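Student: I need the structure of the sequence given here:
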Amino acid sequence: MSGGFFDKVYQARDADQTRDLYDAWAASYEAEVAANGYVTPGRCADALASCLADKTAAILDFGCGTGLSGLALRKAGFTTLDGVDLSVEMLACARDKGAYRTLTQIEADAALPAIPGAYAAVTAIGVIGAGAAPISVFDVLLGALAPGGFLVFSFNDHALEEAENEARVSHAIESGEAVQLFHEYGPHLTGLNLNSAVYVLEKT
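Tutor: Okay, the predicted model is just below:
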C-alpha cells in the first residue's frame, strides 16, 4: 500500500523507533488494516476458543495495539482481558473500545506486570516479527504462564522468512516446554496477499 504505514512497518528498528512508529500510526491504523482485510485477530481468537473452554478465564493480550485483538477475543466469548503495549497512543484507542479490564504501557524487555500463572492464556497476535517484537519475547510470554496455560501467537509471512522464529517454537515443542495444540497457515492481510501461521501452545 503505497504511502501508508505498511511501507515502513516491516523495516528493522529499535524499540524506541517502533514505539514512535506505532504512536504515529494509531489514528489511522484501524482504517488501514481494515482496508487490507486484516483477519488474523479473529483466527487467533477462534483458535484459543477451541482450546480454552472457560471463557471467564483471565487472558493477557500482549501487544494489544488499538484493541482489535481484544474485540476479536470478546467476539469469541472471552470476558476477562488485560492488555499491554509499548504505544501510549495505541492504548488510548484500545481504551475507547471498552473490551479490557486493564490496559498498561510497558517498556521493551521489561518484565510483564504479572506473576506466572496469573493468566490462563497469553496472546501475541501479529506481535513477533520484522519491525515489531523479537523472538526473545516468545520466552517472556511462555514464562508468564503456569503449566497448563495457553500461548496464542501468529507469524506473518515476513516473520516466517526469519528461520529463527519457527526454530524457537520447534525447540519449545521438541524439548517438552510446550505441546502444540493448534497450527494453521491461512490469510492475514488479504488485500496485500499476506498470510500468517496461527499457533496455540500449552505450557507443560
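Student: quick one: the helices in this structure?
Tutor: For the chain, helices defined by DSSP state H occupy the ranges 15-35, 40-49, 68-75, 88-97, 136-143, 157-160, 163-174.
Student: Save those helices as TSV, and put in distance to Gln180, mean neighbour count and mean pLDDT too.
Tutor: For every residue, glycine as well, the C-beta is placed using N, CA and C. Below are those laid out as TSV (distance: least, Cβ to Cβ, whole Å; neighbours: other Cβ atoms under 10 Å; pLDDT from 0 to 100):
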stretch	distance to Gln180	mean neighbour count	mean pLDDT
helix 15-35	27	16	78
helix 40-49	11	22	98
helix 68-75	20	23	98
helix 88-97	29	18	95
helix 136-143	13	17	94
helix 157-160	16	19	95
helix 163-174	5	15	98
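Student: quick one: which of those is nearest Ile115?
Tutor: helix 136-143 (10.6 Å; Cβ to Cβ).
Student: Now distance to Ala120 too, for the helices of the chain, in JSON lines please.
Tutor: JSON lines is the format used below for those (distance: least, Cβ to Cβ, whole Å):
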{"stretch": "helix 15-35", "distance to Ala120": "27"}
{"stretch": "helix 40-49", "distance to Ala120": "10"}
{"stretch": "helix 68-75", "distance to Ala120": "12"}
{"stretch": "helix 88-97", "distance to Ala120": "20"}
{"stretch": "helix 136-143", "distance to Ala120": "13"}
{"stretch": "helix 157-160", "distance to Ala120": "25"}
{"stretch": "helix 163-174", "distance to Ala120": "19"}
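Student: Can you say which of the ones you listed is nearest to Val198?
Tutor: helix 40-49 (5.0 Å).
Student: Could you list every helix and strand in contact with that closest one?
Tutor: If you count contacts as 3 or more Cβ pairs under 8 Å, 6 or more residues apart in numbering; DSSP states H and E, helix 40-49 packs onto helix 68-75, strand 121-124, strand 150-156, strand 178-189, strand 194-203.
Student: can you list those in JSON lines and add distance to Leu21?
Tutor: Below are the helices and strands packed on helix 40-49 laid out as JSON lines (distance: least, Cβ to Cβ, whole Å):
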{"stretch": "helix 68-75", "distance to Leu21": "17"}
{"stretch": "strand 121-124", "distance to Leu21": "18"}
{"stretch": "strand 150-156", "distance to Leu21": "16"}
{"stretch": "strand 178-189", "distance to Leu21": "17"}
{"stretch": "strand 194-203", "distance to Leu21": "18"}
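Student: Could you report the distance from Ala27 to Cys93?
Tutor: Counting by Cβ to Cβ, to the nearest Å, the gap from Ala27 to Cys93 is 8 Å.
Student: And Asn156, by the same measure?
Tutor: Here the criterion is Cβ to Cβ. By it, Asn156 lies 21 Å from Cys93.
Student: Not including adjacent chain positions, what is the nearest residue to Ser50?
Tutor: Setting aside the residues directly before and after it, Ser50 is nearest to Phe182 in space (Cβ to Cβ, 6 or more residues apart in numbering), at 6.6 Å.
Student: how many neighbours does that neighbour have?
Tutor: By other Cβ atoms under 10 Å, 17 other residues sit near Phe182.
Student: Please name the residues that touch it.
Tutor: Each residue near Phe182 by Cβ atoms under 8 Å, 6 or more residues apart in numbering is listed here: 47, 50-51, 198-200.
Student: No further questions, thank you.
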